[in-house]
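# sharing a sequence plus its predicted fold:
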Amino acid sequence: MKKQRVLNRKTRKPYISVTLIGILIITGIFGPLFSPYDPAANSLTEKFLPPFFQEGGSFKHILGTDQLGRDILSRLIQGSRVSLIVAAAAILIGCIVGTGLGVLAGYYGKGTSAVIMRLTDATLAFPSLLLALLLSLSIGTGLVSAIIAIAFGMWAKYTRTIRSDVTVIAGMNYIEQARIMGAGSGRIIRKHILPNIKNQVIVMATMDISMAIMAESSLSFLGLSVVPPTASWGQMIADGNAYFLRAWWVSTFPTIATVLAVIAFRSFGEWVKERKGASR
Amino acid sequence: MKYIVKKLLQAVITIFIVSVIIFLAVRASGDPVNNLIPDGATKQQKELITEQLGLDKPLIVQYGIFITDVLTGDFGNSYTSKRPVLEVIFEKLPYTLELAVVAILIAVVLTIPIGSLAALKRNTWIDRLVIGLSSLEEAVPIFFAGIFVIQIFGVKLKILPVSGADSPLGIIGPSVLLGLAISGSMTMLLRNNMIQALESEYVKFARLRGIAEYKVVLKHALRNSFSSVLSFSAFVFANLIAGSVVIESVFNWPGIGMLSYNSVIGRDFPMVQAVVLILAVFMIVLSTVIDIILAFLDPRIRKAE
Amino acid sequence: MSEKLLEVNHYSAEMKTDGGTLYILQDINFHVNRDECFGIIGESGCGKTMTSMAILRYGERLGLGSTGGEILFEGENVETFGRKRLRDYNGKDTLIILQDPMQALDPLFTIGKQLLETVKARGNYNKEAAKEEIRVVMKKLSISEEKLSCYPHELSGGMLQRIVGAMVILHKPKLIIADEPTTALDVSIQLQYLKLLKQIQKEYKTSIIFISHDIKVISMMCDRIAVMYGGRVVEQGTRDQLFSHPVHPYTRALFKSGNMGGIPHDRYETIEGNPPDLHEKSVGCPFADRCKHAREKCHKALPELQNFGDGHEALCWRPRI
């Protein structure tokens, strides 16, 4: 009766994505060790040097230099660190806060849930970048405010999903059983609820990495993330803006870096999602 | 009926929370008086302005004043242009609306044939190409694409205006880019839903009743997968109205996005406050209305509630 | 009236999946006469549904590829049908009744629209005439006309299956394939629906292939019966032949588990073990692993088809006679 189907081929292991992610993490952590130049060192005699493969370029500056003569490769490496720090920190905060509130709302229901859900509704009503703009106004610009802004735009999604998951789990027989056996709420949440939502949270968090990198890039493009001279990809793209026709490489290389990072993390996320088999 | 009342009540509470968040965020941003007074003003002058603005009162009283003003439609004047905030917002809104509508139309027009084709040709090179392009559309930062378009088509080839909304052609750049960015996820959504629909029993039964394939695809498969695209568009539309800060600032498009960016940079508090509040309220109202409409349209949802 | 409408001659088909090739149908051999109800019975995954999909040429859409044999409809090989002929074949000659009517009808269109669409698919469409025809059929099945403006989710499963019945009458197909048509219905209306099918068959002289795992239903409906196991037809014959002298151990076990065929109630039993893995072509008898009477030979070689006269045949080395 049940038809055996030839469904989607299983996604192949994302070797390319994992390699890219690996490179990104290595440059993010150990970047300063092999960065060819100080990313902030400018040299006006060497400005707008093209990458090595173009006429006038050399292996001295493999990817060329920008309008202040800074080495693009070194700046890309520094930017990868910024992207990773912001993404990791924002997801960590958003995920912990969001999941925590989701568990509370789902477990206690009623009033607790109502209060928390209105809070999430209110947060979700802010278009994401607008929220970041508003926060930059109150806490200033910089790495920390970028992290907070992205995390703030993220937590509510976790709360919604986790709450509905926990509501289902909390209604199950074995939870009732545990309660009758005298287990306290803390123990039930730790032993029975958290293990059950673990996969969902992991999947959501991995899927969010690419989003966070993109968000950081947008924020730094608008000048709302790290403060110069620290380099970040979005800010490098903004720098290259005016000189695109004269020196295409200044904004194109950070764009390529962003695109690769976003696609790599996204396909990695898809793969995790398939393996962990979560619903969203 | 009970459902509607409940939804409306929830919306009111949410709006209240939003207003508190905005109020606090703006107050937390330091003393606005410093931005208002001329350099070298005396302490007395400063105190006078603080008193005029009501900033010496306790926070809760300040909030009370803020909310009564808002409810009576008084959002104050912009610090920079000295004009009533609402007036400025309503002046910018049409630009953003125009951009959003055109962008969504472009996205939908692209999505329907491409998404359906990918679903019909599942697991072929066409499908893979569509998937690849869609993820690229989502991964390329729109501000780079914007620069690219401006520099190539505007500065070099001189086909499109470099920026702004003065020329009727000015909308092409931002709207096409926004449309492309939206169509990436929209195409994937349609494709996946369509694959599901094509595998459904009703499509199988329709085919086995001898109904022509093109009718099966257009009537049964597409219509069933299209509703999700529609609700996605509504969601995207709401977000676009709220202003695509990035695209508007890249193309110097004089809409809400530009306005909010400029007022943040210029620390124009009444303006920021009003823009964010109005947009957030707009989002809440819109999503409440969509929820209610959906419940009316689809009796299945009504039942589930 | 025993002219063959449909012949399935030594038909085999397989499906390629990630986990390797699945040998779904192997050497399927049966025919359906005009104006008879032919039953196919077997457990889940034995290939019943896939057989019907192959007959309707829907197998290829599910990834089922034929590897041998042929399926003839009125002497014509269905695999040679072009697009136009196939549409007529699906739209006029045959009609399937699926298991779950709730899912078989499109949720976004009213019943009336979907009935009209069915008439349209037949060709020579005239809207007024079609509406009139639908009205007549509805009356005949005593379905009130208001149901035409209902959406599928507003009606019960039994009502929807009756509407599918109306589609059958509108189609006047030569062959109806009923794939577990009552499984999704309430027990109380199952019998009523089976009677309706029988009535349609008698009145329009159609043939029915009736697929089910329920022996009671099969025995009630069918003139001749094929028992499928592991992608093969292991025994077939008339109802009387099978119910009075089942020879294949699987058939016997099936009847026992369903408490049929005059076996006393206290010997009601279940069949131990699991259906065979379709990933490999079995060397011996597919049922050998679960068969109480299996000997070495049964595991080593595929049984030859044994004939017991008057079309009663079984695929077994050690038939119980």
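Arrived safely. What you are looking at is a predicted structure, and each value in this text was computed from that prediction instead of being measured.

# how near is residue C:66 to chain A?
15 Å (CB to the nearest CB, to the nearest Å). For every residue, glycine as well, the C-beta is placed using N, CA and C.

# note down every partner strand of the host helix or strand of that residue and its orientation.
Using DSSP states H and E, residue C:66 sits in strand C:64-73. Take DSSP bridges as the rule and strand C:64-73 pairs in its sheet with strand C:4-17 (antiparallel), strand C:76-77 (antiparallel).

# just put these in a markdown table and tack on mean neighbour count.
Below are the strands paired with strand C:64-73 laid out as a markdown table (neighbours: other CB atoms under 10 Å in any protein chain shown):
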| stretch | mean neighbour count |
| --- | --- |
| strand C:4-17 | 18 |
| strand C:76-77 | 12 |
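
# residue numbers of the stretch 51-200 of chain B in contact with chain A?
Residues of the stretch 51-200 of chain B lying near chain A by CB under 8 Å from any CB of the partner chain: B:122-123, B:135-136, B:138-141, B:143-144, B:147-148, B:151, B:155-156, B:199.

# and which of the residues you listed is nearest residue A:124?
Closest to residue A:124 out of those is residue B:138 (20.4 Å), distances taken as CB to CB.

# would you list every one of the helices in chain A?
Under the criterion DSSP state H, helices of chain A are mapped to A:15-34, A:72-108, A:110-125, A:128-139, A:143-152, A:155-170, A:173-180, A:185-188, A:194-221, A:233-240, A:249-276.

# please identify the most buried of these.
helix A:233-240 (a mean of 26; mean count of other CB atoms under 10 Å in any protein chain shown).

# sorry, back to before: tabulate the helices of chain A in JSON lines, adding columns for mean pLDDT.
Formatted as JSON lines, the helices of chain A follow (pLDDT from 0 to 100):
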{"stretch": "helix A:15-34", "mean pLDDT": "86"}
{"stretch": "helix A:72-108", "mean pLDDT": "91"}
{"stretch": "helix A:110-125", "mean pLDDT": "87"}
{"stretch": "helix A:128-139", "mean pLDDT": "77"}
{"stretch": "helix A:143-152", "mean pLDDT": "88"}
{"stretch": "helix A:155-170", "mean pLDDT": "88"}
{"stretch": "helix A:173-180", "mean pLDDT": "80"}
{"stretch": "helix A:185-188", "mean pLDDT": "82"}
{"stretch": "helix A:194-221", "mean pLDDT": "89"}
{"stretch": "helix A:233-240", "mean pLDDT": "87"}
{"stretch": "helix A:249-276", "mean pLDDT": "88"}
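
# what parts of the stretch 201-321 of chain C come near chain A?
In this structure, the stretch 201-321 of chain C approaches chain A at residues C:213, C:278, judged by CB under 8 Å from any CB.

# picking up where we left off before, buried stuff in the strand holding residue C:66?
C:64, C:66, C:69, C:71-73 (16 or more other CB atoms under 10 Å in any protein chain shown).

# now the stretch 1-150 of chain C against chain B: closest residue?
residue C:91 (1.8 Å; CB to the nearest CB).

# excluding its backbone neighbours, what's nearest that residue?
Sequence neighbours aside, residue B:210 is the residue nearest to residue C:91 in space, at 1.8 Å (criterion: CB to CB, 6 or more residues apart in numbering or on different chains).

# secondary structure class for the one you found?
Secondary structure state of residue B:210, per DSSP: H, G, I helix; E, B strand; the rest coil, is coil.

# show the contacting residues for it.
When contacts are counted by CB atoms under 8 Å, 6 or more residues apart in numbering or on different chains, residue B:210 touches C:87-92, C:121-122.

# quick one: least confident of the residues you listed?
Of all the contacts of residue B:210, residue C:122 carries the smallest pLDDT score, 76.

# how far away is the residue in chain C sticking out farthest from the centre from residue A:218?
Of all residues in chain C, residue C:128 has its C-alpha farthest from the mean position, at 34.5 Å, by CA atoms, centre = their mean. According to CB to CB, to the nearest Å, residue C:128 stands 60 Å off from residue A:218.

# done for today, thanks.
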